[in-house]
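S.K.: Please find the sequence and the predicted model below.
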Amino acid sequence: MVPSEGDASMVKRKAEEHELEGKRKKKKKKKQVDTPRPACSWVYFSREFIKEYSASHPESSGLKAATKAASDAWKSMSHEEKAKYTRRAREVWDDYLSAAPARIPKPRKQTKLVTRCSPGRLFNVLQRLTPEQKDAVNSMGFGSLLSLKCRTLRRSLCLWLLERFNTTQRSLEICGECIPLYPSDVELVMGLAASGKDVVNSGPDDLIADLRRSYNASNNGISVRLLEERLAVPEAGDDFKRSFVLYALGTLLSPTARLDASPSFLHFLTNTDVIHQYNWGKFLLDRLVREVSRYRQGKQRAVGGCLLFLQLFYYESISIEGSGSLAPTVFPCLSSWGEEEITEREKRERELGGYGSGEVICKERCLGMESSEYRGQLDGPPVRKLRTGEEQGPEFEQERSRADAEQMNRDITSIDEVDMPNFLDSQSVVCRNIDVAVDSIRSLCRNKEYGCNETVDYAKKNAHEETCMYAPCACPLVACNFVGSSEQLSLHFSSKHWDSGRRFRYNSPLSVSLGINEDFLVLQAEEDGVLFLLNKGLETIGHTVMLTCIGPSMSKEKFLYDLVSERGISALRLKSLTEYFPGRVEGFPPMDFLLIPFRFLDSSGELNLEVRIWNSTEFCLDYS
């Protein structure tokens, strides 16, 4: 029996329906949401309006006409008339956010290392410097970089170290031990000073306005290629010094996720005569910890910070040959690690089964640093190179011990005339035989001029100063050069600049406005005087807004804040924790921010916001 045309079409239709049903089954089910997101103020108004409109206009054509009437009515309402529905929506939002569990950041799968740390670029520039320019580099305290030999990073090793880098404790967890990192380690490896004044990359904008124009600085940064062009000119003045420091920071010592150098660095480059007085070891370690933390939080794709320091620190701290064959340490360590030495080290690592197969020696070995050309410019008695692992007869050992004892007595006698903590800090001597003497030395915290009266052991001095609550903070206002502790700054601002900011109360909404030319607004809490900065940045499609707290970076008190921007029926909102900064925040926001499109500005170009801040006693979060 031959099927008819109608039967064939029916069979075809059934086959299509079966195929369509199969596709529907393959579709993923929508994620079930236990608690729906609250509605905005427009929804609450429209529900109420449509109900009344439908009752008073039975002849209307239905929901479409009522919704159109509600939209027209909403557009004609003033802010005061909308406030009733705005408050209602805000209360529902607050209840929803307080009940919602804290968002756990999705861990980043570290499979490929992306970084702007490029020792090869700096190496190529160093080869072209003139003798006069090298003298200028030495005068700034960056002379150790002239002995740089490494041109490439071992990315597999850096990735392995990043997975074992504890940014909270500032330590590397390798070979079954927790190895803490200190600024003095940066000095040992990179040769940069780990004592002196803190590097503060914030301050009044007018002080660096000319420099920003000179370097064509944008919010994205200062072009590294522009710096390379400037360094190619054979001059060794202030412009060369600034360009060199910017280039070294942007390519090796403190690179960010971007290819350009941060314009905030210009704040500590206004006076090139004091560059050698800064604590570069602490600055580099702080920036490395911050950049790695941001990478892990998923805020940037590339890993910033000086990864070369981690790589060389691993080579110097982990022995793969055994403690009996230790070679003397040369200062700085980067001068003894060239491409051939690193290639040989990597080959031995693979033969032993991979990274972490050696033993930790940084706590056991006696480090003697061979003075280099850079080190010879420092004051103080010379440091001898200590050799270990040499096999000599007992007669020679006895004679050498007697000679060493006499030499040590002479050294200690000469050292008594100088300041012992400063001498040890400048020479970076670490020796097992004098551990007891070093531990017994106590000195005042360098923040004593800002109110810290702590007297700490020299061995714990760096750890204390990194967490000191009296770390200096700068006044954020233009043309004010005040620097002091956070408490001193609070008193200074309330007495000298009481009319230059806005006062607020915790857990209470505050309406603020930022004009076209206003980049920030200072907020001061009435309860405890804590200062906050409401920062505004410029992007291609709108403004970035964020809130920071002026204080030491290691402050334990937490502040939760809420930013809301509204325009018509649209509302943008950000709820986050403040981060601490010792002054102004320059460049692209390094933390959570609210992006507000230009259409949210009013007719005069002002940005209207509602801000609410809670302190740690008014909200409960799990910080573990």
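M.R.: Sure, I can see it.
S.K.: what pLDDT, on average, does the strand or helix carrying R287 get?
M.R.: If you go by DSSP states H and E, R287 is part of helix 280-296. The average pLDDT within helix 280-296 is 90.
S.K.: Show the subsequent helix or strand relative to that helix.
M.R.: helix 307-317.
S.K.: Run through who's touching that next one.
M.R.: Residues outside helix 307-317 that contact it (Cβ atoms under 8 Å, 6 or more residues apart in numbering) are 115, 117, 119, 150, 153-154, 157-158, 161-162, 165, 172, 174, 179, 181, 185-186, 188-190, 252, 284, 288, 329, 333-334, 337, 342, 345, 355, 360-362. In short, each C-beta sits where N, CA and C put it, glycine included.
S.K.: re the thing from before, tell me which residues of the helix holding R287 come out buried.
M.R.: Using 16 or more other Cβ atoms under 10 Å as the test for burial, helix 280-296 gives 280-292, 294-296.
S.K.: what ranges do the strands span in the stretch 201-350 of the chain?
M.R.: 318-319 (DSSP state E, counting those that start in this stretch).
S.K.: where does it have low pLDDT?
M.R.: 322-329 (pLDDT under 70).
S.K.: all helices for it, in order.
M.R.: 209-214, 224-231, 238-248, 280-296, 307-317, 339-351 (DSSP state H, counting those that start in this stretch).
S.K.: quick check, distance from the third one to the centre of its chain.
M.R.: On the basis of Cα atoms, centre = their mean, to the nearest Å, the separation between the geometric centre of helix 238-248 and that of its chain is 22 Å.
S.K.: for it, packing partners?
M.R.: helix 119-127, helix 131-139, helix 224-231 (3 or more Cβ pairs under 8 Å, 6 or more residues apart in numbering; DSSP states H and E).
S.K.: and of those helices, who's closest to D210?
M.R.: Nearest to D210 among the helices and strands packed on helix 238-248 is helix 224-231 (15.5 Å), distances taken as Cβ to Cβ.
S.K.: Give me the residue at the spatial middle of the chain.
M.R.: Nearest to the mean C-alpha position of the chain, counting by Cα atoms, centre = their mean, stands R290 at 2.9 Å.
S.K.: distance of that one from G250?
M.R.: 16 Å (Cβ to Cβ, to the nearest Å).
S.K.: ok, now L97?
M.R.: L97 is 39 Å from G250, by Cβ to Cβ.
S.K.: What of G176?
M.R.: 37 Å.
S.K.: do Q311 as well
M.R.: 19 Å.
S.K.: Kindly report the same for R348.
M.R.: 33 Å.
S.K.: Those two: which is more packed in?
M.R.: Shown here are R348 and G250; by other Cβ atoms under 10 Å, G250 has more neighbours (27 against 12).
S.K.: give the contact list for the more buried one.
M.R.: R116, G221, I222, V224, L227, T256, D260, A261, S262.
S.K.: now Y44
M.R.: Y85, R88, A89.
S.K.: show me where the stretch 51-200 of the chain has strands.
M.R.: 165-166, 171-174, 177-180.
S.K.: Show me the contact partners of the last one.
M.R.: Outside of strand 177-180, the residues that reach it under the criterion Cβ under 8 Å, 6+ apart are N166, Q169, R170, S171, L172, E173, S317, V360, C362.
S.K.: Pull out the buried members of those.
M.R.: By 16+ other Cβ under 10 Å, these give R170, S171, L172, S317, V360, C362 as buried.
S.K.: Kindly present the contacts of Y44 as TSV, with separate columns for pLDDT.
M.R.: Shown next, in TSV, are those (pLDDT from 0 to 100):
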residue	pLDDT
Y85	89
R88	86
A89	86
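S.K.: Who wins on neighbours among those?
M.R.: Y85 (21 neighbours).
S.K.: do you know how far the residue nearest to it when sequence neighbours are not counted is from S570?
M.R.: The shortest distance from Y85 to any non-neighbouring residue, by Cβ to Cβ, 6 or more residues apart in numbering, is to S41 (4.1 Å). As judged by Cβ to Cβ, S41 and S570 stand 10 Å apart.
S.K.: hang on, the earlier thing: so which of the buried ones among the contacts of strand 177-180 comes closest to T270?
M.R.: For those, the nearest to T270 is R170 (29.8 Å; Cβ to Cβ).
S.K.: Identify the residues contacting the nearest residue to that closest one once chain neighbours are set aside.
M.R.: Spatial nearest neighbour of R170, excluding adjacent residues (Cβ to Cβ, 6+ apart): L181 at 5.1 Å. L181 is in contact with R170, S171, L172, L285, F313, counting by Cβ under 8 Å, 6+ apart.
S.K.: ok, 7 Å please
M.R.: Residues in contact with L181 (Cβ atoms under 7 Å, 6 or more residues apart in numbering) are R170, S171, L172, L285.
S.K.: Surely the last one and S184 touch.
M.R.: What it means is L285. No: between L285 and S184 no contact is recorded; they are 9.8 Å apart, counting by Cβ atoms under 7 Å.
S.K.: hey, what's the spatially closest residue to L531 that is not a sequence neighbour bridged with?
M.R.: Once flanking residues are discounted, L531 sits nearest to I550: 4.4 Å by Cβ to Cβ, 6+ apart. Beta bridges link I550 to F581 when assigned by DSSP bridges.
S.K.: okay, now I550: neighbour count?
M.R.: 26.
S.K.: now the helices: where do they sit in the stretch 51-200 of the chain?
M.R.: Going by DSSP H, counting those that start in this stretch, the stretch 51-200 of the chain shows helices at 63-76, 79-99, 119-127, 131-139, 155-162, 183-190.
S.K.: Determine how far the fourth one lies from the middle of the whole chain.
M.R.: The one in question is helix 131-139. With Cα atoms, centre = their mean, you get 30 Å for helix 131-139.
S.K.: coming back round to it: tell me which two in the contacts of G250 are the farthest apart.
M.R.: Most distant of those, by Cβ to Cβ, are L227 and T256, 14.5 Å apart.
S.K.: what about the residue nearest to N201 when sequence neighbours are not counted, how many neighbours?
M.R.: Excluding its sequence neighbours, the residue lying closest to N201 (Cβ to Cβ, 6+ apart) is S264, at 4.1 Å. Other residues lying near S264 total 21 when counted by other Cβ under 10 Å.
S.K.: low pLDDT regions in the chain?
M.R.: 1-14, 17-35, 100-111, 322-329, 362-442, 458-463, 465-466, 586-590, 617-624.
S.K.: Please identify the buried residues of stretch 473-491?
M.R.: 473-477, 480, 482-490.
S.K.: Start and end of that stretch, how far apart?
M.R.: Using Cα to Cα, to the nearest Å, the end-to-end distance of stretch 473-491 comes to 12 Å.
S.K.: Need the contact partners of that stretch.
M.R.: With Cβ under 7 Å, 6+ apart, stretch 473-491 has contacts from 200, 202-206, 450-451, 470, 472, 492-493, 497, 500, 520, 522, 529-531, 533, 550-552, 582-584.
S.K.: redo that, cut-off 8 Å
M.R.: When contacts are defined by Cβ under 8 Å, 6+ apart, stretch 473-491 is touched by residues 200, 202-206, 447, 450-452, 469-472, 492-493, 496-497, 500, 520, 522, 524, 529-531, 533, 550-552, 555, 582-584.
S.K.: Give me the buried subset of those residues.
M.R.: 200, 202-204, 447, 450, 452, 469-472, 492-493, 497, 520, 522, 524, 530-531, 533, 550-552, 555, 582-584.
S.K.: Next step: the residues you listed restricted to helices.
M.R.: H492, F493 (DSSP state H).
S.K.: before we move on, back to that, what is the most widely separated pair among the buried ones among the contacts of strand 177-180?
M.R.: R170 and V360 (16.6 Å).
S.K.: E527 - how many residues pack around it?
M.R.: Neighbours of E527 using other Cβ under 10 Å come to 10.
S.K.: how about it, phi and psi?
M.R.: E527 adopts backbone torsions of phi -70, psi -50, taken as degrees, to the nearest 10.
S.K.: I'd say it and R505 touch.
M.R.: Yes: E527 lies in contact with R505 (Cβ atoms under 8 Å); the separation is 6.8 Å.
S.K.: Let's verify the closest residue to L560 other than its chain neighbours: helix, strand, or coil?
M.R.: In space, L560 comes closest to W614 once its chain neighbours are excluded; the distance is 4.5 Å by Cβ to Cβ, 6+ apart. The three-state assignment at W614 reads strand, by DSSP: H, G, I helix; E, B strand; the rest coil.
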